[in-house]
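Q: Structure for this input, please:
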Amino acid sequence: MAWNEPGNNGQRDPWNKNNSRPGGNKTGLDGLLRQWRRQLGRFGGGNTGGIFTALLALAIFLVLFNSYTIIDARQAGVVLRFGQYSRTLGPGFHFVFPRPIESVTKVGTTEIRSVSDKVRMLTSDENIIAVDFNVQFQVSDARQYLFSLSGQPEETLQQAAEAAVRTVVGANVMDNILTSQNDQAAVSAADPAAASSAAATPSAGKATAGTQNRDSLQQQTRDILQATLDGYHAGITVTDVSFQNVSPPQEVKDAFDDVNAAREDKQATENTARAYASKIIPEARGDAARILAQAEGYSAERVAHANGDAAQFNLILKEYKDAPEVTRKRLWLETVQSVLSNNPKVLDGSGGRNVIYLPLDRMGGRDVPGVGAVMQATDGNDKEKQP
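A: Take a look at the predicted model:
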């Protein structure tokens with residue numbers, strides 16, 4: 001009887017002739033796997049069916065394993081579908097199509113990266129200096145960071161940073177580039193009087209205002225570099241630009257050190273001169289004010305005396321007009337009294353035999369030279385004449 005005739009009792013399917021078992025039919029996952037294994041064994045012959053089954057299971061596992069991705073909180077995931085940009089994934093768990101349909105590239109967005117380089121360049125006053133610079137940056141846009149720049153983004157950033165440094169250094173003289181705020185602070189701490197006098201001097205103030213220190217040059221370099229990267233749509237944010245070391249080339253270092261030593265000596269001499277001027281000028285101004293005050297006092301005194309003498313003369317003149325003889329005699333007596341009161345007096349009324357000494361010169365506690373000798377001589381003569 002043919003297998004497909006009615007009433008074949010379980011042998012209608014030659015590939016599933018053992019399905020009819022005591023206890024009923026089982027059509028679960030195990031049954032399906034057994035059917036696939038029998039079919040693969042029929043087509044592949046023997047053990048080949050087991051190999052195909054293992055490969056199929058491996059393929060299913062790989063598809064399931066590549067159907068999701070986990071993006072860290074510090075990252076961003078860029079999804080490419082058949083090599084073309086599809087979307088950007090944020091932090092978290094995401095389902096994606098397995099490879100080769102979609103691929104995910106993870107880019108760190110919070111990581112601080114850096115590039116460094118050392119270049120030689122000319123300043124505006126045609127001096128050669130070597131600059132070691134360091135640039136720190138972060139990725140702000142993962143898509144632009146991966147696809148807007150050709151080659152490695154770090155190489156493009158390094159070249160753009162070198163161009164920005166050359167732009168800033170080429171526009172400034174060497175003194176500005178080698179000057180920093182720490183140097184200015186050291187000068188102020190070493191000589192506050194010189195710093196204050198320099199700040200008070202208009203020319204020094206203009207020079208200080210025109211001088212750009214190293215910090216401002218670094219900020220200019222950062223701004224120029226950021227503008228360049230924004231023009232490239234690089235997806236990079238520059239966080240800091242620093243000049244690690246700025247020095248002349250090794251070939252001219254000795255000559256440059258001599259120039260620096262001479263400049264420092266000049267600065268020290270200027271500071272000493274400013275300090276001396278700060279000390280002498282106030283003293284001179286004080287002396288000038290004192291002399292001026294003394295002159296004004298002497299002038300006021302002389303004027304007062306002159307006014308008093310003039311008033312006294314006017315009073316005497318009035319009295320003289322009223323009584324000329326009396327006034328004349330009084331003035332003569334006052335003059336003689338004034339003259340004789342300051343000189344020794346010797347009176348002789350006996351024709352040289354007796355000398356009477358009047359110590360008028362000692363009145364008021366004054367001692368006139370020569371009076372004592374005259375008195376001693378007079379005393380000697382009187383003793384000789386006594387019996």
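
Q: Could I get the phi/psi values of the spatially closest residue to S67 that is not a sequence neighbour?
A: Closest residue to S67 apart from its sequence neighbours, by CB to CB, 6 or more residues apart in numbering: P98 at 5.3 Å. To be clear about C-beta, it is placed using only N, CA and C from the backbone, and glycine gets the same treatment. Phi and psi for P98, reported as degrees, to the nearest 10, are phi -70, psi 160.

Q: Distance-wise, check P98 relative to V78.
A: 17 Å (CB to CB, to the nearest Å).

Q: Just want to know which of these two has more residues nearby.
A: Set P98 next to V78 and count neighbours by other CB atoms under 10 Å: V78 wins out with 20 against 14.

Q: Show me what the helix or strand harbouring that one is packed against.
A: When elements are assigned from DSSP states H and E, V78 belongs to strand 75-81. For strand 75-81, the elements it packs on are strand 84-89, strand 102-108, helix 142-147, judged by 3 or more CB pairs under 8 Å, 6 or more residues apart in numbering; DSSP states H and E.

Q: A142 touches V107, doesn't it?
A: Yes: counting by CB atoms under 8 Å, V107 is a contact partner of A142 at 4.0 Å.

Q: Overlap of the contact sets of those two?
A: Shared contacts of A142 and V107 (CB atoms under 8 Å, 6 or more residues apart in numbering): 76-78.

Q: Can I get those residues in a markdown table including distance to N271 and pLDDT?
A: Formatted as a markdown table, the shared contacts of A142 and V107 follow (distance: CB to CB, whole Å; pLDDT from 0 to 100):
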| residue | distance to N271 | pLDDT |
| --- | --- | --- |
| A76 | 56 | 90 |
| G77 | 61 | 89 |
| V78 | 60 | 90 |
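
Q: Closest one of the residues you listed to S299?
A: Nearest to S299 among these is A76, at 89.1 Å by CB to CB.

Q: Can you tell me how far the closest one is from V119?
A: 33 Å.

Q: So between those two, which is more surrounded?
A: Between A76 and V119, counted using other CB under 10 Å, the more crowded position is A76 (22 against 14).

Q: Now do the same contact list for that one.
A: Counting by CB under 8 Å, 6+ apart, A76 touches 88-91, 106-107, 109, 139, 142.

Q: will you turn those residues into TSV that also has pLDDT, neighbour count and distance to F256?
A: Putting those into TSV (pLDDT from 0 to 100; neighbours: other CB atoms under 10 Å; distance: CB to CB, whole Å) gives the following:
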residue	pLDDT	neighbour count	distance to F256
T88	88	14	51
L89	90	20	54
G90	87	11	53
P91	89	14	52
K106	90	16	48
V107	89	19	44
T109	88	20	44
V139	92	21	40
A142	89	20	46
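
Q: Nearest to A171, out of these: which one, please.
A: A171 lies nearest to V139 out of the contacts of A76, by CB to CB, at 30.1 Å.

Q: what's near enough to touch that closest one?
A: Per CB under 8 Å, 6+ apart, neighbours of V139: 76, 107-109, 111, 113, 145, 235-237.

Q: could you redo the last one with a cut-off of 6 Å?
A: 107, 109, 145 (CB atoms under 6 Å, 6 or more residues apart in numbering).

Q: What's opposite it in the beta bridge?
A: I236 (DSSP bridges).

Q: Looking at stretch 319-334 now, give me its mean pLDDT.
A: Across stretch 319-334, the average pLDDT comes to 88.

Q: in the stretch 101-250 of the chain, what spans have low per-residue confidence?
A: Within the stretch 101-250 of the chain, the stretches with pLDDT under 70 are 179-212.

Q: What are the boundaries of the helices in it?
A: Counting by DSSP state H, counting those that start in this stretch, the stretch 101-250 of the chain has helices at residues 142-147, 153-170, 174-178, 181-190, 192-200, 202-210, 214-232.

Q: sorry, back to before: let me have the helices and strands packed on strand 75-81 in JSON lines, extended by distance to E126.
A: JSON lines is the format used below for the helices and strands packed on strand 75-81 (distance: least, CB to CB, whole Å):
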{"stretch": "strand 84-89", "distance to E126": "49"}
{"stretch": "strand 102-108", "distance to E126": "43"}
{"stretch": "helix 142-147", "distance to E126": "39"}
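
Q: closest one to S216 among those?
A: Ranking these by distance to S216, with CB to CB as the measure, places helix 142-147 first at 29.2 Å.

Q: ok, and what's touching that closest one?
A: With CB under 6 Å, 6+ apart as the test, helix 142-147 has contacts from 76, 78, 88, 107, 139, 153, 233, 235.

Q: rerun that using 7 Å as the cut-off
A: 76, 78, 85, 88, 105, 107, 109, 139, 153, 233-236 (CB atoms under 7 Å, 6 or more residues apart in numbering).

Q: mind listing what's buried in it?
A: Judged by neighbour count (16 or more other CB atoms under 10 Å), helix 142-147 contains these buried residues: 142-146.

Q: I'd like the distance between L331 and L315.
A: Distance of L331 to L315, computed by CB to CB: 12 Å.

Q: just A227 next, same as before
A: Distance, A227 to L315, by CB to CB: 95 Å.

Q: coming back round to it: save the shared contacts of A142 and V107 as a markdown table, and put in distance to V169 too.
A: Compiled in a markdown table, those are given as follows (distance: CB to CB, whole Å):
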| residue | distance to V169 |
| --- | --- |
| A76 | 35 |
| G77 | 40 |
| V78 | 37 |
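
Q: Out of those, which comes closest to A323?
A: Set against A323, the nearest of those by CB to CB is A76 (124.1 Å).

Q: What sits closest to the closest one if chain neighbours are left out?
A: Leaving aside its chain neighbours, A76 sits nearest to A142 (4.1 Å; criterion: CB to CB, 6+ apart).
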